[in-house]
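# sequence first, then the predicted structure, then my questions.
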Amino acid sequence: MEIPSTHTVPLSWLYEAASLPIQYRTLTEVVPEPARDFERLASLREEMLHYKEALAIVRKQKDTGLWGANLLAPAPSKAMGWKEVGTVFQYRARLGA
């Protein structure tokens, strides 16, 4: 993606206010490679290994990639054997969608 020269990315503000994943994604997906701070990128990558929210997601995710026993369940169901809502609903809930 090319950022028009009339637009700037508020990196200093992002480094102060944004979460680790947003900072990391900004550096890897928005900032052009020649302009990236590779020391900061390495530091963020290391910090992400200890990021509480990411660790919670990794612990919850099964080898199949699912969170829980199904993909689309909107609610737990004893009849279907679902103890929790499906992956899609959990994902959307975490994003605040």
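The structure has been received and is ready for your questions.

# CA atoms only: put stretch 13-20 into PDB for me.
Backbone C-alpha positions of stretch 13-20 (Å, rounded to 0.1, in the frame of the first residue of the first chain) are rendered in PDB as follows:
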ATOM      1  CA  TRP A  13       1.400   9.100  19.100                       C
ATOM      2  CA  LEU A  14       0.900   5.400  18.200                       C
ATOM      3  CA  TYR A  15       4.000   4.500  20.200                       C
ATOM      4  CA  GLU A  16       2.600   6.300  23.200                       C
ATOM      5  CA  ALA A  17      -1.100   5.400  23.000                       C
ATOM      6  CA  ALA A  18      -1.600   2.300  20.900                       C
ATOM      7  CA  SER A  19      -1.600  -1.300  22.100                       C
ATOM      8  CA  LEU A  20       1.400  -3.600  21.200                       C
END
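
# and the contacts of it?
22, 23, 26, 40, 44, 47, 48, 51, 53 (Cβ atoms under 8 Å, 6 or more residues apart in numbering). Yep, even glycine has a C-beta here, placed from its N, CA and C like the rest.

# give the rounded mean pLDDT of stretch 85-95.
Stretch 85-95 carries an average pLDDT of 81.

# now that stretch: buried residues?
For stretch 85-95, a neighbour-count test (16 or more other Cβ atoms under 10 Å) marks 85, 86, 87, 89, 90 as buried.

# go on, stretch 12-25?
Within stretch 12-25, judged by 16+ other Cβ under 10 Å, the buried ones are 14, 20, 23, 24.
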